[in-house]
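Participant: pasting the sequence and the predicted model now:
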Amino acid sequence: MVNVTYVAKKILGLLVTIFLVLSFNFYLFRILPGNPFTLLYRGASLPPEAKRDLNAQFGLDQPLWVQYLIYMRNTASGNFGISYQTHASVLGLVVPSLINTVVLLSVASAISIGGGILIGMIAAWRRGSRIDVTFSAATLVMYSMPTFWLGLVLLFVGVIYLGLPVGEMWTISFGTVDMLTQFADLMRHMILPLLTLVLGLVGQYVLVMKGALLDVFTEDYMITARAKGISNRKLLWDHGFRNAILPMMTLVALNLGLSIGGAIQTETVFSWPGMGLLIYRSILARDYPVLQGAFLMVTIAVIFANFIADMLYPFLDPRVASK
Amino acid sequence: MTSTTMQIGSVRGQNTTFTVGWAAATMDTLNPTAMTLADGGAYNVIHAIYDTLVRSDENGSPIPGLSVSWTYKDPTTVDFQLVHNATWHDGTPFTSDDVVFTINLFLAHKEFPLMRTYVQTMKSVQALDKYSIEIVTTKPDATLMDFRLFGLIILPKHIWEPIANYTTYTNDNPIGTGPFKFVKWGGPNTFVQFDANTNYFNGSPKFDHLVLRYFTSYNAMALAIQSGEIDYAGPLFTPALVPTLTSASGVQVITRPDPRYYYFDFNAYPGGSGNPALRDKNVRIALSHAIDNVALSQVVWAGFALPQNTTIPLALGDWVNPNTPSYAFDLKLAAQMLDAAGYKVGSDGVRVGPNGVRLALKIEVPSNYAEEYRAAQTIANWWKQIGVDATPMITEIGAFADNSVNWKFDTYIWVWSAGATLDPDWFVSMFQSTEAQPAPNPGLSDSGMSNSTYDALYQLQISQTDPNQRRQTIWKMQDIIHQEAAYVGLYDPLAVQAFRSDRFMGIPAGKLPPLNQFATNNLLLKIGPLSAPVATSQTMATSMTESTTAAPAMGMSTETLTALVVAVVLIIAVVAFAAKRRKSPPKGR
Amino acid sequence: MSNQTVLESEEKYSTARAYIKTFVEFSRLYRRNRMGVIGLCMLIFFVAVAILTPYLAPYDPTTTFSSAFLQPPSWTHLFGTNEAGQDLFSQVVYGTGPSLIIGFAAALIATTIGTLIGLTAGYFGQLIRDLLMRLTDFFLVIPALVLMIVLASIMSSGLTSIILAIGLVGWTGTARVVMSQTLSLREQTFVEASKASGAGDFYILRSHILPNVMPVAFAQTVLVVANSILYEATLTFLGLGNPAQITWGQILQFAFVSGAITTSWWYVLPPGISIMLVVLAFSLTGYSLDSIFNPRVRKI
């Protein structure tokens, strides 16, 4: 069935990549200028002993290779350090944020993929028509906008003219009203960030879908099939669709990296309490442990998603596994 | 919504809820012994649930909390008379045993990060009778009342004594004596819910429920208070949001000085690598004459800051010496003084001193206070006019702090803010000569000031338990700092807060912002629903002398919006047209 | 010897062909492509604005008009004023040059790295190719913006760190394109012939391969500039830029941080529209160039 060598190679690749990312992560943050605690020292609430405590805790007085080992061991056991600002556990900050981002991104991706399929089909079907060309042009214009700016504009329009909330995830305190109202509240908050993300993502899916369908249209067997009298629509569904799945999946995996970028910008603009906002706030405060932990989490999440996509390929395209 | 759910922000006879929006650090722990930072998010919550022996009033002065009065038997011994009718939220009466237990607990546990600071100068505590205690300090401590006891949370002995491991105890159901009973915490970055403690010994709060809601953006919060989702918002709105707030009906904007100040610093440390000209006091005084802090407060904060002459923020009230001047802005005088100090203008327009030292100075601004860059630019422009080659620049905060600690800068602009305390000791401590040490400087000094009279006065004030005497000392110290020209005080930004004056009333007057980490309970205890709904008014209760007259522009007119939409459609149409015409016939079809 | 001459002229011919025989033919090809022409015109417009900035901006962008705080557009302030009372029209005009230059500089770094890696990967043996491909994949799998944020924040914030951050992350597209082009070129007869007559690798790369990948790399560069400008705007918006330097992204950052975004549409629209138009211009130009030079581009 599934080629064992293929799976083994992929798993090995996964582990190697994660290891490289960890080391890369460590190295990046150790070439920081200066001791970040100098800032904390200026706070009136820090007694002198605490300064020494902090240095010891973060191992800042040890040689670099020792710090590396400490870091590797800590990360493996889930200890991502503590925030410089709040002294709270980084993992405790990162995990809830990641969940919120996953919620937003998955809904946005689902809508984008669905929309992409639909519009891609229309565009392929009516290739060269005004609809097709308008979509392409609109996509090009969308692509030329920074995602955060699109968010700012939508925020402005949505808040001033449509009375939508200006950000965050909830208005009504959680648990004080019934589930339906809670859900409606969440939806109200999600509309604008979703719209921002979808407008940025959908274009590529349209392109891929359309391309895949057009590929199929020009294949010889398609011409033969049409000559035989099989309806275009049937051909579209049977062959076109299936032909598109693989590149679509590839795109989803590839797009994860870009989607994260879009999510960071969207969450910052709409104060959506996810990874993006966490990263933004830790940039502002130069809270490096949080930044480091967030970077690690995000990268590993994307690597993992790619890995899963790799695992699914053999089921979609048997040729891949036998390579 | 069912009828039993909380009415958020509604004003009715029963069941009023006061919702506060807070855009600073969020709640992270319910266990006072685990608190690490005094300006962390837990502080406000803990102080609503628990009490301290003394509290802060709206001016930062100590007023009775769990103690009704106190007397100094001698400089190191203080007797406190406690309230008789306080009860813990579970009904158990509060007695002196709880205080003795708490202080001894903190004394015994050096690992409580924040609480141990509050007992640092204490030697022992004992109960004199059921409602009075005596605290003995190791030496006279002037900060006992308005620093240490402000933060020393009193814990219930009957709950905390049996606990085995204090630092891992989650304290999920905190029991205190405070004006609010804990109901629920929604998790990180969400909200905290309280019920009013109707049995509170100081009088029940005037509303039934309290919700503290965390926001990550001031924009979101401005709109939340506009729409009525919250009733009070703070702690620090940006000036740009003031038009939104003032134009909202039913919202009143409050501006008070925030307990922090921005300053201009000269690196005068002899062992540092700053421009050596700055070690000459006359040069510093001359340059101080070329800084106009009134103008700067306008430039940088659009008028939302008060000029600061001394090194104690205006919000600290009486501790600020009202008579300490700032060097008058006079470029001619500055130029004369520089001449007199031996710095003559050279051929390139830059002054050169006796040892060939050029007056070329960097003015650095940390990257996280980028707005102050405008101040740096303005100062540089003034200095250029008196023959000083000044270069304003923004330095990455990590490197900036590094430079400060290593004395590797000429001048910079930075900020001091009240962390755990409103006691002036913090704000005068960094001018001691002992705080100025060679690189890497572990002390607080960044001016390098070394004045033995000042050092002696510092030691004196920290032991003067009589506030009047201490005030005189602190005032004298500010004069010395001025004479030394160690800093140039710039400005004290105003804290801008907003509240729904059409629903609630009773904002306490005072120097501090009503919603701040020290005196928030005064706000919470004084505020109550309006007895009768009023027509919305838009008065600005402010201690500012001027207010902006800019007309707030909200959305754009429908014409502009239409024009914009048309423009976007046009762009798409043009591109579409161009693309269509370009099309070559498709292959294979 | 005559073989050499034939080879040389053949190579010159292919070089010239790759570089386009005459400018006239190129512009004829280009002119057929309407989108490209529009894009080029827009580019020229913006470059002109950048060069003529001191003449076009009515005020010094840092001058504060202390009574005009967050004013909507008027005849004295075409784009209105910001929260410090500075004229936004002047700021947007002054922001043109830096926004373009940063984009160019970053793209230059990215495409140089990408071309070098692509050439090396495509030309030399399987092992090197695998290694470099792994490197490229590694950089592809890390989300680009996150990596740029990390890089820019650990270097001291400001222009150079943003340029470096974008350049060090954005080379992957170019590397791939150049690599595939190099691979196919490597198999061509004139390369083999060159090798047979004893030419060294470096010579071949420099004289045969490089000139033939240049057009495709050039087309890529234009697209990379478009992306770099977007990334610069984003990184500056997130607070990693130098607030002392005016770029369009920086104006938007001030708008966001000061809280003016829900009230002052004149603060938000002009810088964003400028970014959009510039990026559109580069994209249109880049796609047209790409369709001329890159034989694999599908005309969808």
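Facilitator: Received, thanks. These figures come from a predicted structure and were not determined experimentally.
Participant: so what's the backbone phi/psi at B:Val78?
Facilitator: B:Val78 adopts backbone torsions of phi -130, psi 130, taken as degrees, to the nearest 10.
Participant: please disregard the earlier target; I meant C:Ala105.
Facilitator: Residue torsions, per degrees, to the nearest 10, at C:Ala105 are phi -60, psi -50.
Participant: from what I can see it touches C:Ala165, true?
Facilitator: No: C:Ala105 is beyond contact range of C:Ala165, at 11.7 Å (criterion: Cβ atoms under 8 Å). (Each C-beta comes from the backbone N, C-alpha and C, glycine too.)
Participant: now the helix or strand where B:Val569 lies: average pLDDT?
Facilitator: Using DSSP states H and E, B:Val569 sits within helix B:558-582. For helix B:558-582, mean pLDDT is 65.
Participant: thinking again about what came up before, of C:Ala105 and C:Ala165, who's got more company?
Facilitator: Neighbours were counted for C:Ala105 and for C:Ala165 using other Cβ atoms under 10 Å in any protein chain shown; C:Ala165 has more, 27 against 20.
Participant: what strand or helix carries that one?
Facilitator: Element membership for C:Ala165, per DSSP H and E: helix C:159-169.
Participant: is chain B contacted by that helix?
Facilitator: No: if you take Cβ under 8 Å from any Cβ of the partner chain as the test, helix C:159-169 misses chain B, and the best it gets is 8.7 Å.
Participant: next helix or strand past that helix?
Facilitator: Criterion used, DSSP H and E; the element after helix C:159-169 is helix C:172-186.
Participant: packing partners of that following helix?
Facilitator: helix C:88-123, helix C:126-141, helix C:210-237 (3 or more Cβ pairs under 8 Å, 6 or more residues apart in numbering or on different chains; DSSP states H and E).
Participant: and those helices: which comes nearest B:Ser452?
Facilitator: helix C:210-237 (49.0 Å; Cβ to Cβ).
Participant: please identify the buried residues of that closest one?
Facilitator: Residues C:210-237 are the ones in helix C:210-237 that count as buried (16 or more other Cβ atoms under 10 Å in any protein chain shown).
Participant: ok, stretch B:347-355 next?
Facilitator: Buried residues in stretch B:347-355, defined by neighbour count with 16+ other Cβ under 10 Å: B:350-353.
Participant: and it, how far out from the chain's middle?
Facilitator: Relative to its chain's centre, stretch B:347-355 lies at 42 Å (Cα atoms, centre = their mean, to the nearest Å).
Participant: now that stretch: average pLDDT?
Facilitator: Here the average pLDDT along stretch B:347-355 is 90.
Participant: the helix holding C:Ala165 near chain A anywhere?
Facilitator: No: Helix C:159-169 lies apart from chain A when judged by Cβ under 8 Å from any Cβ; the minimum separation is 10.5 Å.
Participant: contacts for that helix?
Facilitator: Helix C:159-169 is contacted from outside by C:98, C:102, C:105-110, C:113, C:139, C:144, C:147-149, C:151-152, C:155, C:228, C:231-232, C:235-236, C:240-242, C:245, using Cβ atoms under 8 Å, 6 or more residues apart in numbering or on different chains.
Participant: same check, this time on stretch B:338-354
Facilitator: If you take Cβ under 8 Å, 6+ apart as the criterion, stretch B:338-354 is touched by B:277, B:280, B:282-283, B:286, B:358-360, B:386-389.
Participant: out of those, who's near chain C?
Facilitator: Checked against chain C using Cβ under 8 Å from any Cβ, the contacts of stretch B:338-354 yield no neighbours at all.
Participant: and the gap between the residue in chain C positioned nearest to chain A and chain B?
Facilitator: Closest residue of chain C to chain A, Cβ to the nearest Cβ: C:Leu145 (3.3 Å). Per Cβ to the nearest Cβ, to the nearest Å, C:Leu145 is found 20 Å from chain B.
Participant: any residue of stretch B:23-35 touching chain A?
Facilitator: Yes: counting by Cβ under 8 Å from any Cβ, chain A is contacted by stretch B:23-35 at B:25, B:28.
Participant: quick check: mean pLDDT across that stretch?
Facilitator: Averaged across stretch B:23-35, the pLDDT comes to 84.
Participant: ditto for stretch C:50-66
Facilitator: Across stretch C:50-66, pLDDT averages out at 85.
Participant: any low-confidence regions in the chain?
Facilitator: All of this is about chain A. Along chain A, segments meeting pLDDT under 70 span A:1-2, A:30-61, A:85-87, A:166-177, A:220-223, A:225-226, A:229-240, A:316-323.
Participant: switch to chain C, please.
Facilitator: Residue ranges of chain C with pLDDT under 70: C:1-26, C:28-32, C:66, C:156-157, C:294-300.
Participant: with distance to chain A added, can I get the helices and strands packed on helix C:172-186 in CSV?
Facilitator: Output for the helices and strands packed on helix C:172-186, formatted as CSV (distance: least, Cβ to the nearest Cβ, whole Å):
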stretch, distance to chain A
helix C:88-123, 11
helix C:126-141, 6
helix C:210-237, 5
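Participant: close to chain B: what parts of the stretch 201-300 of chain C are there?
Facilitator: So the stretch 201-300 of chain C meets chain B at C:242-244, C:257-265, C:269, C:280, C:284, C:299 (Cβ under 8 Å from any Cβ).
Participant: just the ones of the residues you listed in helices?
Facilitator: Applying DSSP state H to those, the entries found in helices are C:257, C:265, C:269, C:280, C:284.
Participant: can you add neighbour count and give the residues you listed back as TSV?
Facilitator: Shown next, in TSV, are these (neighbours: other Cβ atoms under 10 Å in any protein chain shown):
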residue	neighbour count
C:Val257	21
C:Trp265	26
C:Leu269	21
C:Leu280	23
C:Leu284	28
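Participant: out of the buried residues of stretch B:347-355, which is nearest to chain C?
Facilitator: For those, the residue nearest chain C by Cβ to the nearest Cβ is B:Val350; the value is 21.7 Å.
Participant: leaving out chain neighbours, which residue sits closest to the closest one?
Facilitator: Among residues not flanking B:Val350 along the chain, B:Asp389 sits closest, at 4.5 Å (Cβ to Cβ, 6 or more residues apart in numbering or on different chains).
Participant: what of B:Lys184?
Facilitator: Leaving aside its sequence neighbours, B:Lys184 sits nearest to B:Gln193 (Cβ to Cβ, 6+ apart; 4.4 Å).
Participant: equivalent analysis for B:Thr143, please.
Facilitator: B:Asp423 (4.6 Å).
Participant: what's the local residue count around the one you found?
Facilitator: Using other Cβ under 10 Å, B:Asp423 has 24 other residues around it.
Participant: same check, this time on the one 3 residues further on
Facilitator: Burial of B:Trp426 is recorded as 23 neighbouring residues (other Cβ under 10 Å).
Participant: surely it and B:Ala418 touch.
Facilitator: Yes: B:Trp426 lies in contact with B:Ala418 (Cβ under 8 Å); the separation is 6.7 Å.
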